[in-house]
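# Pasted the sequence and its predicted model underneath.
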Amino acid sequence: MANLPILQFEEQIVETVERNPVVVIIGETGSGKSTQLSQILHKRGYTKSGRAIAVTQPRRVAAVSVSRRVAQELGVRFGEEVGYAIRFEDRTSEKTCIKYLTDGVLLRESLSNPELNQYSVIILDEAHERSLNTDILLGLMKRLIKIRSTNLKVLITSATLDGEKVSRFFSNCPILNVPGKLFPVEIRYSSERPTSYLESSLKTAIAICANNFALSEIHVREPEGDILIFMTGQDDIEKLVKKLEERVQSLEEGSCMDAVILPLHGSLPPELQVRVFSPPPPNCRRFIVATNIAETSLTVDGVVYVIDSGYVKQRQYNPSTGMYSLDVVPISRVQADQRAGRAGRTRPGKCYRLYTSTVYHEDLMGATVPEIQRSSLAGTVLYLKSLDLPDIDILKFDFLDAPSTEALEDALKQLYLIDAIDENGSITSIGQTMAELPLEPSLSRTLIEANEYGCLSQALTVAAMLSAETSLLPGPSKSTDKKRKHEPSDLPDGSGWGDHIQLLQIYELWDQTNYDVEWCKDNNLQVRGMKFVRDVRKQLSQIMQKIAKGSLDVRTNGRRKESQEDYRNLRKSLCVGYANQLAERMMRHNGYRTLGFKPQLVQVHPSSVLKTDEEGMLPNYVVYHELISTTRPFMRNLSGGTVLSEEQTKGENPSLPEKEIGVATPDDRESRIQAARDRFLSRKTKG
DNA sequence: GAGCACTGC
């Protein structure tokens, strides 16, 4: 601890902070900035006023682990003077003077106290990662230091590359450099761009293991150096793992040390993820084939060699089509450096870049496109509107990197269509309520409507399930038990109503088992995901109760069976919340056309439980949760009316007549979109 | 008959 580089800069840091409201700290990995900055300022009296020091982190685990370490270093009881706050967990007390929190939690706090008066210092850590929430906070800090010029200090930690930019954003505030403690990493480039980075990774990895002479020397000298290979996704990882296993087995006759090959990606069950944290057996090299998760989120000890494919899979939102896409894109130079740095944590390492030096220097972008420029901004805009800051103009809000006008207008349009803002762009009372809920606006709107229709309990469940969603069902490739995969699932299928109802039915069943963990396992549902759903549902219930002053029925139904009436009402609520996300089946085809400005031709995602009727047709209209373009454009999580047989529906026909779409009938919706566009594109409103 | 990178309130 005493050796942390940052401690040599203590005087300089304190002096600079005293003289300036905002300071940028450039701290490389291992500088100790995350643990020390708060302690330094605490010792120098910044918490004497009774106000605390807040340190934001983009990730929950970081908030927890860093705060624990700080408490330990200060020798205080954890959760008292030093604590953390993350969603569902507040480990702070009235005595807390150093508080670690996720950036999202600080944003929530600022909702009820826009001046954040409880803090004397706000440290935005890892700002170079440019998380959506940190970017919003940067904009808010810029306003806040003007309002609280005498009693607020803001520190922003960043990376070398964009420290200047952050400084310029804050009127050329001073920049302090704190060196890190990384070992040198030798970079090796490919002589040409490989045609297949999978094959190229394989060759490079295997060469390190046995074939390549120069490298087998290292192999002898430093037998414990693990290899970390960056790939883009689960699919490629599994292919590469398989090939590596084959090659390693065929080579193994004592010519090289043992090898363990470990995949590492987000959809891997936690018990398999943690395998990378246990040290390898002696005389054994580990090959860790990972996604981006190993770039920042997880740190694998023992890595000495990195193989960098140069690509990453990235989700982006296109505001002109309302569609997300998941694309494999080249990484930025910042990311390339970050990946290389993973080889130098324990001793000098090597990074093999599967691209040329020219590509690195001339083709790669300097920094990754920040999340705020790749996301739908409906939630962000609603949040900012709800703060009710004086003279806030969304289209002119001062972002470090402003999103496009198109993206902002898209957000305004969407908010208008679901009654969150009025034709002047002012937030409505519905919008104000929506902003209280930690959900995307469409789901918040659905909850409010569901409350009117008397199906709030069901809507809470659906909203919570949609919040977790991807972490519920296990990954598609469970090679170990292929048989089970084809067994008919016992889980409900939505009874012909679609995916939302299926999610509701699944949760209701789990609820009836009294949240039995074994039941999840038996049904192939991720335990962690289901528990998350329960937490979210509880949180949403509490907020709804608070808003309605405690008179709502948010209980799950216990043993009562869901009625068709509930389903119908729930679907009506969804059509209000997702007024802009309806699609119409194309004549005599099972393809759909979205009912938007620029109609998109889309299909039902293969994961949907929505089925065709006896004539092979899907419902005429559907409401969908999102559009995602992968191999083709798909609608994911949708509900519609499937005409089932009399027997299946027991006399009830859950088809969706056009008029039942409510406010969102195609005609009405078109005119509202038209009106919204006219208003927002030729607007002179205050934003 | 395809498929979901990673976070977070």
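Yep, that arrived.

# all strands for the stretch 1-150 of chain A, in order.
Listed from the start of the chain, the stretch 1-150 of chain A has strands (DSSP state E, counting those that start in this stretch) covering A:22-27, A:52-57, A:82-86, A:89-91, A:98-102, A:119-124.

# Take these and write them to TSV, including distance to A:Val622 and mean pLDDT.
Placement of C-beta: from N, CA and C, glycine included. Compiled in TSV, the strands of the stretch 1-150 of chain A are given as follows (distance: least, C-beta to C-beta, whole Å; pLDDT from 0 to 100):
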stretch	distance to A:Val622	mean pLDDT
strand A:22-27	49	93
strand A:52-57	39	96
strand A:82-86	36	95
strand A:89-91	38	93
strand A:98-102	35	96
strand A:119-124	42	96
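
# Including mean neighbour count and distance to A:Glu199, could these go into CSV?
Output for those, formatted as CSV (neighbours: other C-beta atoms under 10 Å; distance: least, C-beta to C-beta, whole Å):
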stretch, mean neighbour count, distance to A:Glu199
strand A:22-27, 25, 38
strand A:52-57, 26, 38
strand A:82-86, 26, 42
strand A:89-91, 16, 45
strand A:98-102, 27, 40
strand A:119-124, 24, 42
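
# As a markdown table, these with distance to A:Glu614 would be great.
Below are the strands of the stretch 1-150 of chain A laid out as a markdown table (distance: least, C-beta to C-beta, whole Å):
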| stretch | distance to A:Glu614 |
| --- | --- |
| strand A:22-27 | 65 |
| strand A:52-57 | 55 |
| strand A:82-86 | 50 |
| strand A:89-91 | 51 |
| strand A:98-102 | 50 |
| strand A:119-124 | 58 |
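
# mind checking which of those strands is nearest A:Pro174?
The stretch from the strands of the stretch 1-150 of chain A with the least distance to A:Pro174 (C-beta to C-beta) is strand A:22-27; that distance is 5.6 Å.

# partners of the closest one, with directions?
Neighbouring strands of strand A:22-27 in its sheet, by DSSP bridges, are strand A:153-158 (parallel), strand A:175-178 (parallel).

# which of those is buried the deepest?
strand A:153-158 (a mean of 24; mean count of other C-beta atoms under 10 Å).

# Please pull up the helix or strand immediately following it.
Beyond strand A:153-158 on the C-terminal side, the first helix or strand identified by DSSP states H and E is helix A:163-169.

# Enumerate the positions of that next one that are buried.
Residues of helix A:163-169 classed as buried under the neighbour-count rule (16 or more other C-beta atoms under 10 Å) are A:Gly163, A:Val166, A:Ser167, A:Phe169.

# can you give me the strands for the stretch 451-600 of chain A?
A:582-585, A:592-594.

# DNA strand B: which of those strands is closest?
Closest approach to DNA strand B among the strands of the stretch 451-600 of chain A is made by strand A:592-594 (15.0 Å; C-beta to the nearest atom of the strand).

# Against which helices or strands is that closest one packed?
With contacts defined as 3 or more C-beta pairs under 8 Å, 6 or more residues apart in numbering; DSSP states H and E, strand A:592-594 has these neighbours: strand A:582-585, strand A:601-604.

# Check the offset of it from the chain's centre.
Mean C-alpha position of strand A:592-594 versus that of the full chain (C-alpha atoms, centre = their mean, to the nearest Å) differs by 28 Å.

# And stretch A:499-512, by the same measure?
Computed by C-alpha atoms, centre = their mean, the separation of stretch A:499-512 from the middle of its chain amounts to 24 Å.

# And DNA strand B, is that stretch touching that?
No - judged by C-beta under 7 Å from any atom of the strand, stretch A:499-512 stays clear of DNA strand B, getting no closer than 10.3 Å.

# Just the CA trace of that stretch, in PDB.
The C-alpha coordinates for stretch A:499-512 follow below in PDB (Å, rounded to 0.1, in the frame of the first residue of the first chain):
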ATOM      1  CA  ASP A 499     -43.800 -13.600 -24.900                       C
ATOM      2  CA  HIS A 500     -44.900 -11.100 -22.300                       C
ATOM      3  CA  ILE A 501     -47.500 -13.500 -21.000                       C
ATOM      4  CA  GLN A 502     -45.100 -16.300 -21.000                       C
ATOM      5  CA  LEU A 503     -42.700 -14.300 -18.800                       C
ATOM      6  CA  LEU A 504     -45.600 -13.600 -16.500                       C
ATOM      7  CA  GLN A 505     -46.600 -17.300 -16.300                       C
ATOM      8  CA  ILE A 506     -43.100 -18.400 -15.600                       C
ATOM      9  CA  TYR A 507     -42.700 -16.000 -12.700                       C
ATOM     10  CA  GLU A 508     -46.100 -16.900 -11.300                       C
ATOM     11  CA  LEU A 509     -45.100 -20.500 -11.200                       C
ATOM     12  CA  TRP A 510     -41.800 -19.700  -9.500                       C
ATOM     13  CA  ASP A 511     -43.700 -17.600  -7.000                       C
ATOM     14  CA  GLN A 512     -46.000 -20.500  -6.200                       C
END
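
# mind checking how far the residue in the stretch 151-300 of chain A that DNA strand B sits nearest to is from A:Gln338?
Proximity of the stretch 151-300 of chain A to DNA strand B (C-beta to the nearest atom of the strand) peaks at A:Gly266, 2.4 Å away. Noted for A:Gly266: a distance of 18 Å to A:Gln338, by C-beta to C-beta, to the nearest Å.
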